[in-house]
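Novice: I would like the atomic coordinates for the input below:
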Amino acid sequence: YIPRTAVHEYGCLPYLIAEKDIVFSNSQDQKLYRLRGNKIFPMTFLDNARYADGIYDPVRQGFYYVREQHTNNAAHNTIVWIQQDTETVVAAGHDFYSNPIISKDGKFLAYLCWDLPSMPWQSTKLFLHPIKENGSLGEGVAVAGENSNESIFQPEFDEEGLLYFASDRSGFYNIYVYKDAVVTPLFTVAADIGAPAWVYAAATEKSIVYCSQELGKMQLYRYFFATKTTVKYDLPFTEFLALSITKNAVYATVRSQLKPTCLVQIHNDSTTTTIVETTRPDFLQSDDLATAALFSAGSGENKCYGYLYQPVNQRYTCTGTPPLILKIHSGPTSFHSDSFRMETQFWTSRGFAVAIVNFRGSSGFGRDYRQALDQNFGVVDVADAVAAARYLIQQNLCHPQQIIVKGGSSGGYSALMAACCSDLFCGVISWY
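Specialist: From the prediction side, this is the model:
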């Protein structure tokens with residue numbers, strides 16, 4: 001057995017813990033299995049189905065899963081209720097589903113859905129249903145997303161049963177609460193709280209800890225319900241990859257400019273941390289590490305942002321302007337932070353400058369910036385890569401005839417397009 005799910009081809013976390021059992025999707029046949037002790041039992045039996053985003057209902061001793069069923073060369077997505085080896089469709093009619101979540105008292109189920117041609121960062125809907133005793137759903141209500149110009153992420157219930165979610169209806173992802181059939185903003189900031197497919201917040205009955213992105217730069221905050229006040233965590237980290245909150249501390253997977261991925265415990269005083277585990281190699285010296293400098297290229301509606309890493313190596317002296325590797329991130333709606341990456345340090349320690357472009361379409365800059373890529377993939381991302389290269393040449397930060405453009409996945413396509421559309425680049429690397 002190999003745990004892996006192929007839903008939407010990308011897959012996601014392939015297992016969940018249900019009391020003393022582990023339920024997982026098996027890579028070979030995509031069926032669900034239950035690991036109990038040292039024995040494995042099948043849970044699903046369809047040959048043409050895949051499962052993801054499962055959640056366990058301890059009240060009814062069953063599971064809700066997003067099911068992707070392949071029939072007649074087409075994929076059909078639904079939410080199913082699985083109990084005692086039987087599957088029942090409880091939500092259908094939309095092209096895609098995600099994020100099923102059960103209220104703490106087991107009375108309600110919320111989930112997200114969206115339809116083609118929209119992507120989830122363009123238009124999603126949030127539904128809320130009462131759960132019946134047999135696991136089926138009662139008549140639901142559309143909480144948000146009915147206007148089709150709203151992207152919603154990570155619905156979460158608090159201990160009192162209130163439903164929270166992130167929406168970009170204001171132009172930036174902010175946190176909203178659904179209470180007494182009314183949606184209201186918890187607070188309003190001109191920054192993205194959350195981004196496609198990333199965890200943004202963890203809640204207790206007294207507060208929400210959330211990560212905010214402004215111009216692609218991440219900060220950690222804590223909002224207290226009682227006082228309606230926000231406290232900023234004064235921390236040396238530049239990227240927060242996952243959050244988990246307890247009564248005494250916050251645990252987070254983080255990065256910084258000089259440290260690779262670490263698991264840290266953040267204490268309640270908001271300023272001190274304990275590193276639980278780190279991946280940093282011991283042989284790296286801080287004096288040999290390149291740090292990122294934010295830059296912008298273009299102007300007005302054509303303005304884009306990026307980070308430049310200058311070559312650093314204490315054992316060598318660089319004369320003249322360095323060659324440049326211009327990297328275009330994948331996604332295409334992800335983003336590149338200014339955090340430590342070993343690949344970048346490899347090149348900067350060997351005399352190359354490295355620039356990463358957060359082209360229009362990247363997350364962390366608001367809805368309008370992200371939507372600029374709609375119907376323009378291969379156009380505005382390429383234009384921004386070229387604009388970034390021109391800017392760095394004009395600032396005498398790289399050699400004008402020694403620029404390589406590089407990317408993987410969607411970034412690989414953008415890199416190839418940039419090399420075809422501009423004579424600025426002497427080489428191109430497309431991983432796939």
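
Novice: what pLDDT does Thr5 get?
Specialist: We have a pLDDT of 94 for Thr5.

Novice: contacting residues around it?
Specialist: Gly11, Cys12, Pro14, Ser25, Gln30, Arg50, Tyr51, Ala52 (Cβ atoms under 8 Å, 6 or more residues apart in numbering). From N, CA and C alone the C-beta is placed, and that goes for glycine too.

Novice: could you check how far the last one is from Ser98?
Specialist: Separation of Ala52 from Ser98 (Cβ to Cβ, to the nearest Å) stands at 8 Å.

Novice: and what of Ser136?
Specialist: Counting by Cβ to Cβ, the separation of Ser136 from Ser98 is 20 Å.

Novice: again with Gln61
Specialist: 24 Å.

Novice: ok, these two, which is more surrounded?
Specialist: Ser98 (22 against 12; other Cβ atoms under 10 Å).

Novice: so what secondary structure elements neighbour the one helix or strand that one maps to?
Specialist: In the assignment (DSSP states H and E), Ser98 maps to strand 96-102. Identification of packing neighbours for strand 96-102 by 3 or more Cβ pairs under 8 Å, 6 or more residues apart in numbering; DSSP states H and E yields strand 49-57, strand 62-71, strand 74-83, strand 108-114, strand 152-157.

Novice: please save the CA atoms from the fourth one in CSV.
Specialist: Taking C-alpha atoms only, strand 108-114 is exported to CSV below (Å, rounded to 0.1, in the frame of the first residue of the first chain):
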residue,chain,number,x,y,z
PHE,A,108,-23.8,21.3,10.4
LEU,A,109,-21.6,20.7,7.4
ALA,A,110,-20.1,23.5,5.3
TYR,A,111,-18.2,23.1,2.1
LEU,A,112,-16.9,25.0,-1.0
CYS,A,113,-17.8,24.4,-4.6
TRP,A,114,-17.2,26.0,-8.0
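
Novice: who does the very next helix or strand once past it pair up with?
Specialist: On the C-terminal side of strand 108-114, the closest following helix or strand by DSSP H and E is strand 125-130. According to DSSP bridges, strand 125-130 forms sheet pairs with strand 108-114 (antiparallel), strand 141-144 (antiparallel).

Novice: which of those strands sits most buried?
Specialist: Comparing the strands paired with strand 125-130 by mean neighbour count (mean count of other Cβ atoms under 10 Å), strand 108-114 comes out on top with a mean of 24.

Novice: orientation of that one relative to strand 74-83 in degrees?
Specialist: Relative orientation of strand 108-114 versus strand 74-83 (axes from the mean of the first three to the mean of the last three Cα atoms, to 10 degrees): 170 degrees.

Novice: what distance separates strand 108-114 from the middle of the whole chain?
Specialist: Mean-position distance between strand 108-114 and its chain equals 18 Å (Cα atoms, centre = their mean, to the nearest Å).

Novice: for it, what is the average pLDDT?
Specialist: When pLDDT is averaged over strand 108-114, the result is 97.

Novice: so Leu109 is in contact with Pro100, correct?
Specialist: Yes. Counting by Cβ atoms under 8 Å, Pro100 is a contact partner of Leu109 at 6.1 Å.

Novice: which residues do the two both contact?
Specialist: Tyr64.

Novice: dump the strands paired with strand 125-130 into JSON lines; add distance to Phe225 as well.
Specialist: Compiled in JSON lines, those are given as follows (distance: least, Cβ to Cβ, whole Å):
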{"stretch": "strand 108-114", "distance to Phe225": "19"}
{"stretch": "strand 141-144", "distance to Phe225": "19"}
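
Novice: for those strands, which one sits closest to Thr291?
Specialist: Among these, strand 108-114 comes nearest to Thr291, with 37.3 Å by Cβ to Cβ.
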